[in-house]
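Peer 1: Please work out how this folds:
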Amino acid sequence: MSARAIFLSLLTLVTTAPALADTAALRRTWLERVAISAADQSCSLFSDAERLALRSGLFQVEGELLRAKMSRSEMDRLAAQVSAHAKSLGCAHPDIVSVAATVRSSYREFTKTSYLDYPAARSSWGASRSEHDKWAINQVDKASGLIFGLRRAPGKPDELRLAVAMPAQGSTPASAQLLFRDVEKMPDPWFGSLAGKDGKLAAPPRATSRIVWAGKVMAGRNEVHEPIWIFTFDATAIDQLESLDPREAVQVNLLPAPRAKDQTVRQVTFELGDFRAARAFAMIPKLEAAPTPVADTAAH
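Peer 2: Numbers count the residues shown, from 1 in each chain. Got it, this is the predicted structure:
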C-alpha cells in the first residue's frame, strides 16, 4: 500500500463520527504534513527555509484542528503512527520523493508572499517577512492600542524580540509583566472562562502562571511616527509560549510608576492563537538568501 493510501486509511480513524467536509480536509492536510516532516527528520529532504515554510503550515493546520475540538491525545496518537510509517518507508520511496518535490515546488511560490494573516478564534496575528517592518509578527488590542508580538531589533532584522508597545500617553508605566501558564505547574491547557457564559479570554490563575518581567522601557515610533513606549521580555519566553495550546491566553500587566496618581494595574489579554505558525513564516529568508535545497536522497 502506498504512503498516501496509508495516510488516508489512518484518516478514517478520526472521521467515523459525522464531521464537516472542511474539517476532514484539514485532518488530511495535517496528516500529510506530519508524515513528510517525519520523513525529513530521517532523510534531510529540505533546506532550512523550506522547513520553516512547512512548519508554518503544519502549525497553522494543527491550530485549526484544535479549535475544531479535535482532541490533543488523538492528534498525538495519529501523529506517532503516521510519523513511524513515513520513516519506515525509507528515503528513496517513490511517495516520499514525490511529496518532497511537491513541497519544494510549493515553497518556491510561497516564498513570494511577504505578509500573511493568521486568524484564530478571536484575534489574528499579522506576520511579515520584510526586514523593513519593525514587527515580524504582531497582534493589536483595539481597546487599548497595545501591540504584542515579535519585534525586530534595530539594525538586526533576524533578531526577534518578544515585546509589547503602547501609545506614549499619560505617565510612563514603571514596568510590564507577561503572564501565561507554567507548564510545570499546570500540565493541561487553561482555557479560563472561554467556555463560560461570558466567553472572554482569561489568563490562568497567578499561582499556576509563569511571570516574565520586561526590561527597561524604550522610546520609539510606530508606523505613522507617533511616539510609543516599548517593553521587551527575555527571549526564553518565546519558546515557552510556543509550548502552549493555541487556544490559551497571554496577559500583559502594565504597572504604574510609584508616584502616579492612578495606581491601577492595567491588564490586557491576548489570544495565543497561531503564534508558532506566524513566527515560522516571519523567519523564512528572502528567496535569494535561502539555502540551496538538498538533493533528492533517492539519487544516491
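Peer 1: Every contact and neighbour count from this point should use C-alpha atoms.
Peer 2: Noted.
Peer 1: Low-confidence ranges, the stretch 1-150 of the chain, go.
Peer 2: Within the stretch 1-150 of the chain, the segments meeting pLDDT under 70 span 1-21.
Peer 1: What segments of the stretch 1-150 of the chain are strands?
Peer 2: With DSSP state E, counting those that start in this stretch as the criterion, the stretch 1-150 of the chain has strands at 115-119, 124-128, 135-140, 147-153.
Peer 1: Would you mind finding the most buried of these?
Peer 2: strand 135-140 (a mean of 25; mean count of other CA atoms under 10 Å).
Peer 1: hang on, the earlier thing: out of the strands of the stretch 1-150 of the chain, which is closest to residue 103?
Peer 2: strand 115-119 (18.8 Å; CA to CA).
Peer 1: The closest one - which strands sit beside it in the sheet, and in what orientation?
Peer 2: Under the criterion DSSP bridges, strand 115-119 sits next to strand 124-128 (antiparallel) in its sheet.
Peer 1: Look up how far residue 273 lies from the residue lying closest to residue 276 once chain neighbours are set aside.
Peer 2: Once flanking residues are discounted, residue 276 sits nearest to residue 242: 5.7 Å by CA to CA, 6 or more residues apart in numbering. Distance, residue 242 to residue 273, using CA to CA, to the nearest Å: 10 Å.
Peer 1: How about residue 152?
Peer 2: Where residue 273 is concerned, residue 152 sits at a distance of 20 Å (CA to CA).
Peer 1: where does the stretch 201-300 of the chain dip in pLDDT?
Peer 2: 287-300.
Peer 1: The stretch 151-300 of the chain: helices as residue ranges?
Peer 2: For the stretch 151-300 of the chain, applying DSSP state H, counting those that start in this stretch gives helices covering 236-242, 275-282.
Peer 1: Which among those helices is found nearest to residue 41?
Peer 2: Of all these, helix 275-282 comes closest under CA to CA, at 17.2 Å.
Peer 1: got the angle for the closest one vs strand 135-140?
Peer 2: 150 degrees (axes from the mean of the first three to the mean of the last three CA atoms, to 10 degrees).
Peer 1: what's the angle between helix 275-282 and strand 147-153?
Peer 2: For helix 275-282 against strand 147-153, the angle by the same axes, to 10 degrees is 30 degrees.
Peer 1: gap between helix 275-282 and the chain center?
Peer 2: 5 Å (CA atoms, centre = their mean, to the nearest Å).
Peer 1: which other helices and strands contact it?
Peer 2: helix 48-67, strand 124-128, strand 135-140 (3 or more CA pairs under 8 Å, 6 or more residues apart in numbering; DSSP states H and E).
Peer 1: With distance to residue 23 as extra columns, can I get the ones you listed in JSON lines?
Peer 2: Listed next are the helices and strands packed on helix 275-282 as JSON lines, based on distance: least, CA to CA, whole Å:
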{"stretch": "helix 48-67", "distance to residue 23": "7"}
{"stretch": "strand 124-128", "distance to residue 23": "20"}
{"stretch": "strand 135-140", "distance to residue 23": "26"}
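Peer 1: of all those, which lies closest to residue 286?
Peer 2: Among the helices and strands packed on helix 275-282, if distance is taken as CA to CA, the winner is helix 48-67, at 8.9 Å.
Peer 1: Can you tell me which helices and strands that closest one packs against?
Peer 2: Checking 3+ CA pairs under 8 Å, 6+ apart, helix 48-67 ends up next to helix 21-43, helix 94-110, helix 275-282.
Peer 1: Next, the residues that contact stretch 150-163 from outside, please.
Peer 2: 131-138, 148-149, 230-235, 237-238, 279, 283 (CA atoms under 8 Å, 6 or more residues apart in numbering).
Peer 1: List the buried residues in it.
Peer 2: Buried residues in stretch 150-163, counted by 16 or more other CA atoms under 10 Å: 150, 151, 152, 157, 158, 160, 161, 162, 163.
Peer 1: ditto for stretch 99-108
Peer 2: Buried-residue list, stretch 99-108, by 16+ other CA under 10 Å: 99, 100, 101, 103, 104, 107.
Peer 1: ok now the lengthiest strand in the chain, how far from the chain's centre?
Peer 2: Ordering each strand of the chain by length in residues (DSSP state E) puts strand 156-167 first. Relative to its parent chain, strand 156-167 has a centroid offset of 16 Å by CA atoms, centre = their mean.
Peer 1: average pLDDT across that strand?
Peer 2: Regarding strand 156-167, the rounded mean pLDDT is 94.
Peer 1: Only C-alpha atoms, please: export it in CSV.
Peer 2: Provided in CSV are the C-alpha atoms of strand 156-167 (Å, rounded to 0.1, in the frame of the first residue of the first chain):
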residue,chain,number,x,y,z
LYS,A,156,19.4,43.3,13.3
PRO,A,157,16.3,42.2,11.3
ASP,A,158,17.0,38.5,12.0
GLU,A,159,16.9,39.1,15.8
LEU,A,160,13.3,38.9,17.0
ARG,A,161,12.4,40.2,20.5
LEU,A,162,9.3,39.5,22.4
ALA,A,163,7.8,42.9,23.1
VAL,A,164,4.7,44.9,23.9
ALA,A,165,4.3,48.5,22.7
MET,A,166,1.8,51.1,23.7
PRO,A,167,0.9,54.7,22.8
